[in-house]
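Undergrad: Sequence and predicted model, in that order:
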Amino acid sequence: MPGTCVIGLQWGDEAKGKLVDLLTADFDWVVRYQGGANAGHTVVVGEDTYKLHHIPSGILSTEAKNLITPGVVLNPPTILKEIESLTSRNIRVAENLLISDRVHLVLPWHLEEDRILNKAVVDGENIGTTLRGIGPCYRDKVGRTYAVRVGDMYRPDFREKIERTTAAKQNLLGSIDPSYALQLNADEIYQEYSGYAEKLKPHVADTTAMLLDAVDADARILFEGAQGALLDIDHGTFPFVTSSNSSGVGVAAGSGVPPRCITRVIGVIKAYSTRVGGGPFPTEQDNETGQHIRDLGNEYGTTTGRPRRCGWFDAVAVRYTARLSGVDMLSLMMLDVLSELEEIQICVAYEINGQRVTDFPSHPDDLRQAKPIYETLAGWQTDVTKIDRAEDLPENAIAYMNRISELVGRPVGVASVGPDRAQTMFLDEELAQTYGNSASSR
Ligand code: GDP
Ligand code: IMO
Ligand code: MG
């Protein structure tokens with residue numbers, strides 16, 4: 001059964017949405033299996049730009065079914081707005097979007113908790129979440145007592161569940177913030193969510209059963225990761241992470257598809273690094289170079305609009321996440337953003353306490369101390385945005401791509417030189433055969 005995963009290997013925003021949209025043409029199912037409205041995936045089709053937070057990036061195809069599976073946390077007003085916006089732009093959402101009844105709901109208290117807790121300094125820094133209630137919602141899921149799932153909205157005890165949970169959450173909010181004055185109104189919340197339940201009903205389904213049938217039928221499934229592997233709750237730069245398994249290890253758990261069904265993993269990377277929010281970032285360039293990358297890459301958050309922190313490519317980090325995620329090939333994005341630079345640096349190792357280190361550290365203090373050891377490569381200083389065959393890339397761009405591949409230990413299967421679908425080259429033979437090896441053939 002051909003199950004392909006698209007996983008971000010850095011701190012998110014690697015352009016997963018662009019790749020998923022392109023790959024969807026060859027898939028029957030596209031699956032978002034973790035994260036929530038903290039994600040912001042951009043798809044550019046000619047003059048049209050779509051920013052998707054909840055709905056899988058396969059939705060622009062009219063053929064594929066798009067699933068939101070149990071590992072996701074769902075914000076109903078956000079997804080309803082997204083459905084409305086896509087529908088008004090003539091994208092057929094209706095029967096192409098299915099949401100698992102096992103998905104957990106983000107409720108008003110999660111947003112409040114996120115706002116209050118996000119002021120806290122953790123390990124010397126502020127986590128700087130997207131304020132979408134992600135951490136508090138996952139905490140309730142794991143804690144179970146106060147969790148509410150999509151399927152609960154259609155049960156006779158839904159009102160009682162909301163009343164009981166609202167009372168508990170009111171106490172909790174008062175205890176974590178003594179100045180907390182807002183009164184949560186259980187009746188209003190119940191009414192509001194009952195309204196959402198009605199609107200979402202046509203999309204709610206047992207996606208687990210559907211996917212297991214799809215597996216039995218040898219259907220083609222594409223898994224769309226959200227965030228990036230360095231933000232993984234277990235394997236990322238904890239505590240400066242998100243609250244789900246955003247590396248390759250999360251696919252099976254979040255979707256309900258057995259791991260053995262995953263036959264191909266594509267790791268998406270930018271040709272440099274970015275990070276939004278707090279946390280150690282060894283190769284950060286908080287200087288003119290960083291600003292140059294931010295300007296050319298338009299590095300501002302899709303979800304929050306925050307300027308992204310920018311820096312050089314970190315091969316220590318990506319080698320780690322590529323191995324962790326079982327990556328078969330890399331999809332190297334944003335090569336065009338580096339086109340004006342005379343020289344480009346790649347971090348090949350860290351120096352920590354006088355030692356050369358190539359294993360990614362587990363503690364944020366070690367990562368904070370890590371001094372990157374750089375290798376310098378010559379830039380190409382040529383516009384690459386119209387190049388549609390890898391062999392036509394400037395020699396120095398090819399050398400840069402090859403060096404990244406060598407350091408990470410995986411081949412580059414896709415290269416991207418701009419946001420548009422057409423600005424993509426498939427180097428991997430199988431992908432080239434399926435999608436055409438150059439933009440001009442699409
Ligand atoms: P995602 O969260 O991984 O889907 O990525 P985002 O959508 O948050 O951020 C990626 C941004 O880069 C979007 O604005 C894309 O339109 C844009 N983009 C994608 N590929 C390229 C590329 O090769 N070059 C440039 N300059 N921009 C790109
Ligand atoms: P996509 O899918 C980049 C970051 C936040 C913060 C940390 C925790 O578009 O790549 P959270 O709200 O999840 O509790 O925030 O994770 N973060 C992302 N950064 N891209 C994302 O998603 C992100 N989703 C969360 O900035 O540092
Ligand atoms: Mg994004």
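TA: Thanks, I have it. Ligands and ions are numbered 1, 2, ... in the order given.

Undergrad: For the residue in the stretch 301-442 of the chain that ligand 2 sits nearest to, what are phi and psi?
TA: Proximity to ligand 2, evaluated over the stretch 301-442 of the chain using Cβ to the nearest ligand atom, is greatest for Thr302 at 5.7 Å. In short, each C-beta sits where N, CA and C put it, glycine included. Main-chain dihedrals, Thr302, degrees, to the nearest 10: phi -70, psi -30.

Undergrad: confidence score at the nearest residue to it once chain neighbours are set aside?
TA: Sequence neighbours aside, Gly40 is the residue nearest to Thr302 in space, at 2.8 Å (criterion: Cβ to Cβ, 6 or more residues apart in numbering). At Gly40, the pLDDT value in this model is 96.

Undergrad: need the contact list for Leu9.
TA: Gly228, Ala229, Leu230, Gly267, Val268, Ile269, Val318, Thr321, Ala322, Ser325, Val327, Leu330 (Cβ atoms under 8 Å, 6 or more residues apart in numbering).

Undergrad: just to revisit the earlier point, is the residue of the stretch 301-442 of the chain closest to ligand 2 in contact with Val44, as I believe?
TA: No. Judged on Cβ atoms under 8 Å, Thr302 makes no contact with Val44 at a distance of 11.8 Å.

Undergrad: For Arg164, give its distance to Asp152.
TA: Distance of Arg164 to Asp152, computed by Cβ to Cβ, to the nearest Å: 12 Å.

Undergrad: just Glu395 next, same as before
TA: 59 Å.

Undergrad: So those two - more neighbours on which side?
TA: When neighbours are counted by other Cβ atoms under 10 Å, Asp152 comes out ahead of the other of Glu395 and Asp152, with 17 against 10.

Undergrad: Do you know the pLDDT at that one?
TA: At Asp152, pLDDT is 98.

Undergrad: With Thr302 instead?
TA: 76.

Undergrad: What is the burial count for it?
TA: Quick note: Thr302 (other Cβ under 10 Å) scores 17 neighbours.

Undergrad: quick one, what contacts it?
TA: Thr302 touches Asp13, Gly40, His41, Thr42, Lys51, counting by Cβ under 8 Å, 6+ apart.

Undergrad: ok, now Glu395?
TA: Contacts of Glu395 (Cβ under 8 Å, 6+ apart): Trp380.

Undergrad: Same question for Ser194.
TA: Met153, Phe158.

Undergrad: ok, 6 Å please
TA: Residues in contact with Ser194 (Cβ atoms under 6 Å, 6 or more residues apart in numbering): none are found.

Undergrad: Below-threshold pLDDT in the protein: ranges please.
TA: 1, 437-442 (pLDDT under 70).

Undergrad: Flag every residue of the stretch 251-400 of the chain that's near ligand 1.
TA: Proximity of the stretch 251-400 of the chain to ligand 1, by Cβ under 6 Å from any ligand atom, involves residues Gly297, Thr302, Met333, Met334, Asp336, Val337.

Undergrad: Filter those residues down to the buried ones.
TA: Gly297, Thr302, Met333, Met334, Asp336, Val337 (16 or more other Cβ atoms under 10 Å).

Undergrad: need the strands for the stretch 201-350 of the chain, in chain order.
TA: 204-205, 221-224, 262-270, 273-275, 309-311, 313-314, 329-333, 343-352 (DSSP state E, counting those that start in this stretch).

Undergrad: Let me have those strands in a markdown table, adding distance to Glu198 as columns.
TA: Converted to a markdown table, the strands of the stretch 201-350 of the chain look like this (distance: least, Cβ to Cβ, whole Å):
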| stretch | distance to Glu198 |
| --- | --- |
| strand 204-205 | 11 |
| strand 221-224 | 27 |
| strand 262-270 | 36 |
| strand 273-275 | 40 |
| strand 309-311 | 42 |
| strand 313-314 | 47 |
| strand 329-333 | 40 |
| strand 343-352 | 52 |
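
Undergrad: Of the ones you listed, which is nearest Ala197?
TA: Ranking the strands of the stretch 201-350 of the chain by proximity to Ala197 (Cβ to Cβ) places strand 204-205 first, at 8.4 Å.

Undergrad: Given the closest one, what are its sheet partners and their directions?
TA: Sheet pairing of strand 204-205 (DSSP bridges) gives strand 97-100 (parallel).

Undergrad: right, and the helix or strand after the partner strand?
TA: strand 104-105 (DSSP states H and E).

Undergrad: For this structure, which residues are neighbours of ligand 2?
TA: So far as Cβ under 6 Å from any ligand atom goes, the chain lies against ligand 2 at 8, 11-13, 38-41, 127-130, 132, 134-135, 226-228, 231, 242-243, 276-277, 302.

Undergrad: So which of those residues sit within helices?
TA: Of the residues of the chain next to ligand 2, the ones assigned to helices by DSSP state H are Ile134, Gly135.

Undergrad: What count of nearby residues applies to the closest residue to Ser243 other than its chain neighbours?
TA: Nearest non-adjacent residue to Ser243, counting by Cβ to Cβ, 6+ apart: Tyr138, 3.9 Å away. Tyr138 has 23 neighbours, counted by other Cβ under 10 Å.

Undergrad: Could you measure from the residue of the stretch 301-442 of the chain closest to ligand 2 over to ligand 3?
TA: Here the criterion is Cβ to the ion, to the nearest Å. By it, Thr302 lies 4 Å from ligand 3.

Undergrad: ok, now how distant is that residue from Phe313?
TA: For Thr302, the distance to Phe313 - Cβ to Cβ - is 21 Å.

Undergrad: for Ile55, helix, strand, or coil?
TA: Assigned by DSSP: H, G, I helix; E, B strand; the rest coil, the conformation of Ile55 is coil.
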